[in-house]
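A.B. asks: everything below, folded, please.
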Amino acid sequence: MPTTLKMPKLSPTMESGTIVKWIKREGDFVKAGDVLFEVATDKATVEYTALDEGYLRKILVPEDKEAGVNEAVAVFTETKEESIEGYVPETKKKAQPAAVETVGAQKQQEKAKATSSMTQMAFTPSAPLTAYQFAWPRDQVSSKILASPLAKKLAKEKGVDLASVKGTGPNRRVVSRDVALAQSSAPASFGRKTPPEVAPGFYEEEKLSPMRKVIGERLQGSKTFIPHFYVRQKIHVDDLVEIREQLKASDIKLTFNDFIVRAAALALKEHPKINSGFNSVSNAIIRFKTVDISIAVSIDGGLITPIIRHADYKNIGEISSETKLLAIKAKEGKLEPHEYQGGSFTISNLGMYGIDDFVAVINPPQAAILAIGGIIEEPIVTTGKVKVGKTMMLTLSSDHRVIDGADAALFLQTIKKHLEHPAILLIG
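C.D. replies: Okay, the predicted model is just below:
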């Protein structure tokens, strides 16, 4: 009897997936454990392995097409000769709650969704300009300047701006000799360009990838419903730069982000209120019992946050090695679900891109995220004297339902202490 293969749910937030590549073709025999297809989820591109054996008779969702979770993607049969004519693939079915607790949780979620929903205004691009004729500014100005027809013709051919030419003809009319004189005495030319071929306003639309779609939904919800507030702290990092250079000279390569993760881990242990979250369904504060730091990593198609688990138990060398490995796996789309799902606190570092300062959006259900700017040289006043020093700006975004300003300030002061005395971070 034919059977239907449905799109599996490969992450807790996954609602759909895009088939990137079918490894098996129609008519192939598939053994349990064989890689059947690659699917782009909201988190990464992963391989789906078959759970049972059988013949792949019909592919219902081709490559580069999207399918919702539990939507039919293929038809299988036990034997190669079995007919599938007239077979209707199973459609998505609603799962029945297995217990009273599940029903209660579903009702809470529906209630939260109903009470918190907001209608977004319609923002669409303006229609392209069709009846539009491009004209150089010099031509527009020249048309209003008193000049002889020959002078206008020469100015257009020679690329001379008539507005800059002093006329010597009747009523200060610009004549041909004025254009020739202006061209010969011009100190510099900005050059001439070919006119554009596309009228203003033309555009192409690009479909959101599953990952980009979820990023948009989560962060839009975060900024809409989470009461963000921000606390900034500038720290002096001359000693941090110096100790990193000393380690580098001994072939011990650590990044500034490694120091920051280590400092944040120790600070979160000392200030557990920051290591918290908010459950919008039960309307309750979450107090995480472990320090699991998510690190924002930019990848093709979006952003993902691999996690350093039990970061407060790991020394800076272990943090460095694990961070490098997770970053490689993230860029290759090879992260396992447990390596990016969850986390109690997030660090986002744009310093390596030359950004001095920025504000990050909280990654729910976490209650805080730390934005790291780049290291810059600037004048610093110390004991009444001005000197050149290196500084870094840290900005903590916090959920005011969970964290108060004083808690955020104390947390940043602890990070400041660790990063301005970096030898502390090498211990343990």
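
A.B. asks: how would you label Leu325: helix, strand or coil?
C.D. replies: Three-state call for Leu325 (DSSP: H, G, I helix; E, B strand; the rest coil): helix.

A.B. asks: what is the burial count for Leu303?
C.D. replies: Per other C-beta atoms under 10 Å, the neighbour tally for Leu303 reads 15. Bear in mind the C-beta positions are built from the backbone N, C-alpha and C, glycine included.

A.B. asks: pretty sure it is touching Val297, no?
C.D. replies: Yes - using C-beta atoms under 8 Å, Leu303 is in contact with Val297, at 7.1 Å.

A.B. asks: so for stretch 174-189, what's the average pLDDT?
C.D. replies: For stretch 174-189, mean pLDDT is 71.

A.B. asks: and stretch 28-48, by the same measure?
C.D. replies: On average, stretch 28-48 scores 87.

A.B. asks: can you give me the end-to-end span of that stretch?
C.D. replies: Distance between the boundary residues of stretch 28-48 (C-alpha to C-alpha, to the nearest Å) amounts to 16 Å.

A.B. asks: ditto for stretch 201-213
C.D. replies: 25 Å.

A.B. asks: once you drop chain neighbours, what's closest to Asn279?
C.D. replies: The shortest distance from Asn279 to any residue other than its chain neighbours is 5.6 Å, reached at Ile286 (C-beta to C-beta, 6 or more residues apart in numbering).

A.B. asks: ok, Thr79 next?
C.D. replies: The nearest residue in space to Thr79 (C-beta to C-beta, 6+ apart) is Tyr55, at 6.8 Å.

A.B. asks: state the pLDDT value of that neighbour.
C.D. replies: Tyr55 is assigned 92 on the pLDDT scale.

A.B. asks: from here on, call the first residue 33.
C.D. replies: OK, 33 is where the count begins now, so the last one is Tyr87.

A.B. asks: who does the helix or strand where it lies pair with, and is each partner parallel or antiparallel?
C.D. replies: Using DSSP states H and E, Tyr87 falls within strand 86-91. With DSSP bridges as the test, strand 86-91 is paired with strand 61-62 (antiparallel), strand 104-109 (antiparallel).

A.B. asks: most tightly packed of the ones you listed?
C.D. replies: Of all the strands paired with strand 86-91, strand 104-109 carries the top mean neighbour count, a mean of 21, counting by mean count of other C-beta atoms under 10 Å.

A.B. asks: give me the residues contacting that strand.
C.D. replies: Outside strand 104-109, the residues that touch it by C-beta atoms under 8 Å, 6 or more residues apart in numbering are 33-39, 51, 62, 68-69, 84, 86-93, 99, 116, 119, 121-123.

A.B. asks: in PyMOL, select just the buried ones from the residues you listed.
C.D. replies: Buried subset of these, written as a PyMOL selection, criterion 16 or more other C-beta atoms under 10 Å:
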select buried, resi 34+36+37+38+39+51+62+68+69+86+87+88+89+90+91+92+93+99+119+121
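
A.B. asks: so how far is Ser308 from the residue nearest to Asn311?
C.D. replies: Going from Ile318 to Ser308 by C-beta to C-beta, to the nearest Å gives 6 Å.

A.B. asks: what of Arg204?
C.D. replies: 76 Å.

A.B. asks: the two: which is more packed in?
C.D. replies: Higher neighbour count among Arg204 and Ser308: Ser308, with 24 against 11, using other C-beta under 10 Å.

A.B. asks: need the nearest residue in space to the more buried one, chain neighbours excluded.
C.D. replies: Ala399 (4.6 Å).

A.B. asks: the one you found: what's it in contact with?
C.D. replies: Per C-beta under 8 Å, 6+ apart, neighbours of Ala399: Ile306, Ser308, Gly309, Phe310, Ile317, Ile318, Ser430, Asp431, Arg433, Val434, Ile435.

A.B. asks: are any of the residues you listed buried, and which?
C.D. replies: Neighbour-count burial (16+ other C-beta under 10 Å) is assigned, among the contacts of Ala399, to Ile306, Ser308, Gly309, Phe310, Ile318, Ser430, Asp431, Val434, Ile435.
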